[in-house]
Each structure stands twice: as structure tokens, then as C-alpha cells.
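Colleague: Task: produce atomic coordinates for the following.
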Amino acid sequence: MELKINQQIKKFNAESLSVQSLLDLEIPNKQNGIAVAINNTVVPKIKWNEFLVQETDEILIISATQGG
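Modeller: From the prediction side, this is the model:
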């Protein structure tokens, strides 16, 4: 499966991935304070386990940062 994540093309050896599975592969240790949007629609965290990404999806992973 080939996915576009944060404007970069990445390949995965899977036919289907949930948002949670994708995050476990991409950022296994930094999943607090992030948001995920697929095709410009935010996917709520409670749906990460059930929401499946498709090869044509554009995925945006955003990390919250602190600042002043």
C-alpha cells in the first residue's frame, strides 16, 4: 500500500490499515497530542481503530506544540 502522509509518499506492506495501525508504525511513541485528518476531514481519536485508510487518501498528522 502506498500512502501520502504529510506530503510524503510512503509504502507499507499491508492491504489495509486502520488509522491506529498506521500511527503505531509511523509514530509509535508520540501519539499524545496529535490529530489526524484524512482528505481534509479530522478523524476523531475514538474512531482510529475502526477507520481504514485507502491508498488514494491524503493523510495529515499534526502534533500539538507548546509556545508562548
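Colleague: any idea how far M1 lies from S21?
Modeller: Between M1 and S21 the computed distance is 11 Å (CB to CB, to the nearest Å). C-beta: built from backbone N, CA, C; applies to glycine.
Colleague: overlap in contacts of the two?
Modeller: When CB atoms under 8 Å, 6 or more residues apart in numbering defines a contact, the residues bordering M1 and S21 alike are A14.
Colleague: show me where pLDDT drops low in this structure?
Modeller: Low-confidence segments of the chain, defined by pLDDT under 70, are located at 66-68.
Colleague: let's go with 90 and repeat that
Modeller: Scanning the chain with the threshold set as pLDDT under 90 gives 14-15, 29-32, 56, 63-68.
Colleague: where do the helices sit along this structure?
Modeller: For the chain, the helices defined by DSSP state H occupy 19-26.
Colleague: Can you get me a residue count around the residue lying closest to M1 once chain neighbours are set aside?
Modeller: Nearest in space to M1, with sequence neighbours left out and distances taken as CB to CB, 6 or more residues apart in numbering, is F12 at 4.8 Å. Residue neighbour count, defined by other CB atoms under 10 Å, stands at 17 for F12.
Colleague: before we move on, what about I59?
Modeller: 22.
Colleague: which non-adjacent residue is nearest it?
Modeller: Closest residue in space to I59, ignoring its immediate chain neighbours: I5 at 4.7 Å, by CB to CB, 6+ apart.
Colleague: And I38, by the same measure?
Modeller: Closest residue to I38 in three dimensions, ignoring its sequence neighbours and counting by CB to CB, 6+ apart: D57, at 5.0 Å.
Colleague: again with L17
Modeller: Closest residue in space to L17, ignoring its immediate chain neighbours: V53 at 5.4 Å, by CB to CB, 6+ apart.
Colleague: Wait, the one you found touches L60, no?
Modeller: No: counting by CB atoms under 8 Å, V53 sits too far from L60 to count as a contact (11.8 Å).
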